[in-house]
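Peer 1: this one's structure only:
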DNA sequence: CTGAAAGCGCTTACAG
DNA sequence: CTGAAAGCGCTTACAG
């Protein structure tokens, strides 16, 4: 492969000029630039990232830190971030932040070795909760960082207002006349998720309060954010016909889909007998005709990348918690409450 | 952050010795090695990937090239490859090979710019079909490469035997006494997938042939490998009670799940009235109790990474098409054919 | 077993 | 607008 020397020789200029011309620096004459570009094209020359990084101190590479690989949400965020970074000329290197209790050594190695190699200019951290020591370690690297999904001390963060999102989902069904509304939430013990399950439950309760309904503990079930967990929770909520709700708000779309399938297996029609609303904007939502509050993870990834790129190109860092957009997507899983006619 | 100079000064040795000691070279005395390691630890020193790469010619970084980000299969492969690379001390940089017709410029830029930056030592290419020009471009980079999912000229490739996999799925239901067996396959026009849909259909037909059944064109439907596509195809296959099959073989688990849901909506019981078998090992399979031929994509990613790492550490390249393992996972969606008793 | 020194391929003040 | 030269932070023959 050609080096900058070869291009310089072919174009009849110095390597300094080649570097400037190809970097688009304005201090190169048009004629020279054209000569250099033609030589580079002929030789198929592209500057070595390694050499360029060492000389300039910039790698043009962003580190993406994720606690989970392989799930729909994270894969979507990755996709959005990757697209935006690529369009900005950046590469993306992926880091997996493993679970502290299950893979403590792998997690430690991430901080002590991989992130310390200085392979990247900056980080995007998705749904990552860090210990103080880990946060300090990251901070010591001196790299800009954008967090997605929850506040991180001293870091610009894009976060979803979980309270508002769940409140919107619930208000959608209260506006349809529902009053017996169940909630399938998540475990609120482990706080490795910025208290998202608690915030969503509180949003649900706030919406109930707004129409004068007291939250009923027997209408609350806990799932694990999977279809299976939502299915199990919904079977419990729907099993007793006398206690049966007319609507279910689920803290995730997968749990909502589980609830729809549970209703079907009990012979209940959705939405005639039961309305179901989820939160996420999951890819399966359209097939199941699920009404949901869409948080558009692909856009979240894109936004995180664009925010970081803006910081990197000198725009002043915000150092703030920025709200992520969301919107209600009404499909056929929700309808006017049985017996309520306006 | 500390540099190798700082460590050398603190340990009272030359930078050459620091480099050797931390690289685990055997030509360093134990006493010196300990001094160096202690100094490095104190300063939190980790060699800069950039400087190390430029000096050694090795980046300790692998490029992963994928045509799709965000789907279950690719996310799973990514997860498996990432884990194996990390355990080997390598980083993973992700490249998205966009569709030629939809994003021709992005695709060209991948070859002309991103891959040419020499940021990685080698590539893993997943389900990637390349034009001759693209293959030549990649080859000119002079980097080792492992392909996953189909033969790539001159490249070591790990491939699934699609014919055998579909044949196994079909034999499972013929062995249960089924003879009216439908097949939901994929479009066979665009060959951007190494003819996988055709190979799976042929495997299905071979299994039928083995029990003396002539393939019936009216029992063949085309889906798009989604739940929705499988649902649509199955409704067509199951709609006419007189033509109805007793079993469906789907070329993917998502289509199989669509078929199960279609059967339910028609009042058919799975597996009593209809057996359904898929191919993939999809994460949703266990919830839907789907019998499937599992290709374990996480392991595929791991295998691809391990194969590449072996090449990189000097073991002779195989330059061959290596078969990927798969296994039949029997769950509750398949049963003995109605009316057939052994 | 260890060190001095060259060199990896760029970028960027500095000088003109 | 352009070039000569230093330097980015390592690794690795070479010599001892």
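Peer 2: Happy to help now that I have it. Just so we're clear, the structure is a prediction, and the values are computed from it rather than from any experiment.
Peer 1: Show me which residues of the stretch 51-200 of chain A sit near DNA strand D.
Peer 2: For the stretch 51-200 of chain A, the contact set with DNA strand D under CB under 7 Å from any atom of the strand comprises A:54, A:55. Quick note: C-beta positions are derived from backbone N, CA and C, even for glycine.
Peer 1: Around DNA strand C, which positions in the stretch 51-200 of chain A sit nearby?
Peer 2: Close to DNA strand C, as judged by CB under 7 Å from any atom of the strand, the stretch 51-200 of chain A has residues A:51, A:52, A:54, A:55, A:56, A:57, A:58.
Peer 1: From the contact counts, what lies against the strand or helix carrying the second one?
Peer 2: Okay, so that is residue A:52. Here residue A:52 sits within helix A:49-56, counting by DSSP states H and E. Helices and strands touching helix A:49-56, by 3 or more CB pairs under 8 Å, 6 or more residues apart in numbering or on different chains; DSSP states H and E, are helix B:49-56.
Peer 1: Low-confidence regions, chain A specifically.
Peer 2: For chain A, the stretches with pLDDT under 70 are A:190-193, A:315-319, A:340-342.
Peer 1: all strands for it, in order.
Peer 2: Secondary structure of chain A (DSSP state E): strands located at A:61-66, A:91-96, A:122-126, A:145-148, A:156-159, A:181-186, A:220-223, A:247-250, A:275-280, A:291-294, A:321-323, A:327-329.
Peer 1: so of these, which one's packed in deepest?
Peer 2: Greatest average neighbour count among these goes to strand A:247-250 (a mean of 32), per mean count of other CB atoms under 10 Å in any protein chain shown.
Peer 1: Partner strands of it and their direction?
Peer 2: strand A:181-186 (parallel), strand A:275-280 (parallel) (DSSP bridges).
Peer 1: Pull the residues that contact the first one.
Peer 2: Residues outside strand A:181-186 that contact it (CB atoms under 8 Å, 6 or more residues apart in numbering or on different chains) are A:170, A:173-174, A:193, A:196-197, A:200-201, A:204, A:208, A:213, A:219-225, A:230, A:233-234, A:237, A:245-252, A:255-256, A:259.
Peer 1: Mark which of those are buried, thanks.
Peer 2: A:170, A:173-174, A:193, A:196-197, A:200-201, A:204, A:208, A:213, A:219-223, A:225, A:230, A:233-234, A:237, A:245-252, A:255-256, A:259 (16 or more other CB atoms under 10 Å in any protein chain shown).
Peer 1: returning to what we had before: can you tell me which of the contacts of strand A:181-186 end up in helices?
Peer 2: Among the contacts of strand A:181-186, the ones falling in helices (DSSP state H) are A:170, A:173-174, A:196-197, A:200-201, A:204, A:208, A:230, A:233-234, A:237, A:255-256, A:259.
Peer 1: Determine which two of the residues you listed are furthest apart.
Peer 2: A:174 and A:196 (21.9 Å; CB to CB).
Peer 1: quick revisit: so which of the strands paired with strand A:247-250 is nearest residue A:93?
Peer 2: Closest to residue A:93 of those, according to CB to CB: strand A:275-280, at 27.2 Å.
Peer 1: What about residue A:78, how many residues nearby?
Peer 2: By other CB atoms under 10 Å in any protein chain shown, 26 other residues sit near residue A:78.
Peer 1: same thing with residue A:264?
Peer 2: Using other CB under 10 Å, residue A:264 is surrounded by 15 other residues.
Peer 1: That one contacts residue B:261, doesn't it?
Peer 2: No - here residue A:264 lies out of contact with residue B:261, judged by CB atoms under 8 Å, at a distance of 9.1 Å.
Peer 1: Tell me what the closest residue to residue A:330 other than its chain neighbours is bridged to.
Peer 2: Closest residue in space to residue A:330, ignoring its immediate chain neighbours: residue A:291 at 5.1 Å, by CB to CB, 6 or more residues apart in numbering or on different chains. Taking DSSP bridges as the rule, residue A:291 bridges to residue A:277.
Peer 1: and residue A:291, what is it in contact with?
Peer 2: Residue A:291 makes contact with A:172, A:275, A:276, A:277, A:278, A:328, A:329, A:330, A:331, A:332, A:333, A:334 under the criterion CB under 8 Å, 6+ apart.
Peer 1: What distance do you get for it to DNA strand D?
Peer 2: To DNA strand D, residue A:291 is 55 Å away according to CB to the nearest atom of the strand, to the nearest Å.
Peer 1: any idea how far that residue is from residue B:76?
Peer 2: 29 Å (CB to CB, to the nearest Å).
Peer 1: Check residue A:255 too.
Peer 2: According to CB to CB, residue A:255 and residue B:76 sit 22 Å apart.
Peer 1: again, but for residue A:134
Peer 2: Using CB to CB, residue A:134 is found at 27 Å from residue B:76.
Peer 1: Residue A:71 too?
Peer 2: Distance, residue A:71 to residue B:76, by CB to CB: 10 Å.
Peer 1: Pick out whichever of these two has more residues nearby.
Peer 2: Taking other CB under 10 Å, residue A:71 and residue B:76 do not tie; residue B:76 has more neighbours (25 against 19).
Peer 1: got the contact list for the closest residue to residue A:298 other than its chain neighbours?
Peer 2: Leaving aside its sequence neighbours, residue A:298 sits nearest to residue A:80 (CB to CB, 6+ apart; 3.8 Å). Going by CB under 8 Å, 6+ apart, residue A:80 touches A:297, A:298, A:299, A:300, A:301, A:302, A:303, A:304, A:305.
Peer 1: OK, contacts around the third one?
Peer 2: Translated: residue A:299. Under the criterion of CB under 8 Å, 6+ apart, the neighbours of residue A:299 are A:80, A:325.
Peer 1: Stretch A:212-228: how far from the chain's middle?
Peer 2: Taking CA atoms, centre = their mean, to the nearest Å, one finds the center of stretch A:212-228 at 24 Å from the center of the full chain.
Peer 1: ditto for stretch A:182-190
Peer 2: The gap between where stretch A:182-190 is centred and where its chain is centred comes out at 20 Å by CA atoms, centre = their mean.
Peer 1: same thing with stretch A:174-186?
Peer 2: With CA atoms, centre = their mean, you get 26 Å for stretch A:174-186.
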